[in-house]
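A.B. asks: how does the following fold in three dimensions:
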Amino acid sequence: MEFNQKIHSTALIHPKSKLHPTVKVGAYSVVGENVQIDEGSEIGNFVTLAGNTTIGKDNKIYHYCSLGEIPQDKKFDNEKTFLSIGDGNTIREFCTFNVGTIGGGGITKIGNNNWLMAYVHIAHDCKLQNNIILANNTSLAGHVEIDDFAILGGFTLVHQFCKIGAHIITSVGTIILKDIPPFIIAAGTNAKPNGINLEGLKRRNFTTQSISDIKKAYKVIYREGNTIETANKILVKLAKKTKEVNLFVDFIDKSNRGLIR
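C.D. replies: Numbering: from 1, shown residues only. All right, here's what the predicted structure looks like:
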């Protein structure tokens with residue numbers, strides 16, 4: 001995005017909002033009273049920033065986004081809740097992110113260096129870590145949690161309260177109704193495991209030994225006929241030798257909806 005001036009003359013900036021002097025705001029955008037934007041961030045045209053929204057450094061927010069509006073939750077009663085966006089995120093056109101709810105901890109939180117493509121919806125109380133890619137039209141229901149380096153393919157839909165592990169990838173049109181452990185490829189209208197994200201792991205310089213350990217953990221969960229409880233006991237032993245397997249153990253321990261199978 002290129003701007004000839006930092007704040008376009010048609011932009012409506014509430015006098016009580018807090019914008020770093022380096023922030024750029026495009027034409028016809030609206031910045032609400034309780035919005036804070038840190039240095040180097042750029043806001044496109046026709047963007048609405050509302051609610052108790054904090055935006056960190058060096059974010060690029062493209063045209064027609066609506067960030068910080070009230071949640072789509074009938075229980076919401078104008079409580080003071082928040083949207084927090086970290087540093088270095090790219091947020092493409094027509095994205096909608098909502099503030100949290102009291103019942104979900106009061107905050108929707110997005111970490112750093114995420115790539116969030118056009119028409120992505122992030123509902124109340126979601127927690128996204130870092131270096132995540134959400135492709136076009138991905139929609140997250142409330143209370144979804146996503147770990148580092150996850151990639152969700154276009155039109156992926158995620159049920160409320162689902163947890164998604166680090167380094168996973170989903171195919172186009174995946175519907176996620178249960179939790180996805182780390183390192184997995186998932187696909188289908190009721191997401192199923194389809195091996196490990198081998199190409200992604202290679203690109204992120206995982207060692208041959210680490211990849212071998214991840215394959216072993218995958219087989220324990222998905223190829224040997226174990227219950228989750230039995231698989232977890234086996235993984236606990238394997239985890240003593242490798243940190244990657246420990247990620248599986250930690251994930252299973254925090255899973256509430258059960259794993260995709």
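A.B. asks: only C-alpha atoms from now on, for both contacts and neighbour counts.
C.D. replies: Will do.
A.B. asks: quick one, helices of the stretch 101-250 of the chain?
C.D. replies: 198-203, 208-222, 228-239, 243-254 (DSSP state H, counting those that start in this stretch).
A.B. asks: of all those helices, which one is nearest residue 118?
C.D. replies: helix 198-203 (22.5 Å; C-alpha to C-alpha).
A.B. asks: which regions of this structure lie under the pLDDT threshold?
C.D. replies: Within the chain, the ranges that satisfy pLDDT under 70 run 1-5.
A.B. asks: show me the beta-bridge partners of the spatially most central residue of the chain.
C.D. replies: For the chain, the residue sitting closest to the mean C-alpha position, by C-alpha atoms, centre = their mean, is residue 128 at 3.5 Å. Residue 128 has these beta-bridge partners by DSSP bridges: residue 110, residue 146.
A.B. asks: pretty sure it sits against residue 151.
C.D. replies: No. Contact criterion C-alpha atoms under 8 Å: residue 128 and residue 151 do not qualify, at 11.6 Å.
A.B. asks: residue 69 pairs with what?
C.D. replies: Bridge pairing for residue 69 - DSSP bridges - gives residue 98.
A.B. asks: tell me how far it lies from residue 250.
C.D. replies: Distance, residue 69 to residue 250, by C-alpha to C-alpha, to the nearest Å: 33 Å.
A.B. asks: these two: which has the busier surroundings?
C.D. replies: Just comparing residue 69 and residue 250: by other C-alpha atoms under 10 Å the higher neighbour count belongs to residue 69, 20 against 15.
A.B. asks: contact partners for the more buried one?
C.D. replies: 49, 50, 51, 97, 98, 99 (C-alpha atoms under 8 Å, 6 or more residues apart in numbering).
A.B. asks: try it again with 6 Å
C.D. replies: Contacts for residue 69 were tallied using C-alpha atoms under 6 Å, 6 or more residues apart in numbering; they are 50, 51, 98.
A.B. asks: same check, this time on residue 35
C.D. replies: Applying C-alpha under 6 Å, 6+ apart, the residues near residue 35 are 17, 52, 53, 54.
A.B. asks: what secondary structure does the third one sit in?
C.D. replies: Think residue 53. strand (DSSP: H, G, I helix; E, B strand; the rest coil).
A.B. asks: all set, thanks.
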